[in-house]
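Asker: Structure of the sequence below:
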Amino acid sequence: MENVVLIIHLLLALALIGVVLMQRSEGGGLGMGGGGGAVAGRSAATALGKVTWVLAVAFIVTSITLTIIAAQNSAGSSVIDRLTPPAASEGDGPATPALPGDELLPPGQDENAPLVPRAD
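Answerer: Just a heads-up that it's a prediction; the model follows:
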């Protein structure tokens, strides 16, 4: 289901880009310009303008749908839960180093004791 909605979402995005690029520029950015004076309300809706609105609404609906599906799939889990390993109990065996470079000390050795090379 998620893949179907995602494919529809991508097709809507491409169609929306194409329709917006086909529209005639009114000249001026952010809705400024376009003639009609300072009192003009809205210009007449063209067919491309209506198609743009339909595609935009459909795009928003698929975005919300994908968000809901993703939230249902991840319910009960957290990113933090997936990053941290479960806490080891006393009898589980050797612990792993917390960071690369942290080395485990043999039992009974103090971490502040001077390092003595082993004689093998």
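Asker: average pLDDT for stretch 83-95?
Answerer: With pLDDT averaged residue by residue, stretch 83-95 scores 61.
Asker: typo on my end, stretch 65-76
Answerer: Stretch 65-76 comes out at a mean pLDDT of 87.
Asker: Quick check: buried residues in the strand or helix carrying K50?
Answerer: K50 belongs to helix 47-73 when assigned by DSSP states H and E. Residues of helix 47-73 classed as buried by neighbour count (16 or more other Cβ atoms under 10 Å): 51-52, 55, 58-59, 62, 65. C-betas here are computed from N, CA, C, even on glycine.
Asker: cool, stretch 1-20 as well?
Answerer: Burial within stretch 1-20, assessed by neighbour count using 16+ other Cβ under 10 Å, is assigned to 5, 8-9, 12, 15-16, 19.
Asker: coming back round to it: now distance to G76 too, for the buried residues of helix 47-73, in JSON lines please.
Answerer: JSON lines is the format used below for these (distance: Cβ to Cβ, whole Å):
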{"residue": "V51", "distance to G76": "41"}
{"residue": "T52", "distance to G76": "40"}
{"residue": "L55", "distance to G76": "35"}
{"residue": "A58", "distance to G76": "31"}
{"residue": "F59", "distance to G76": "29"}
{"residue": "T62", "distance to G76": "25"}
{"residue": "T65", "distance to G76": "21"}
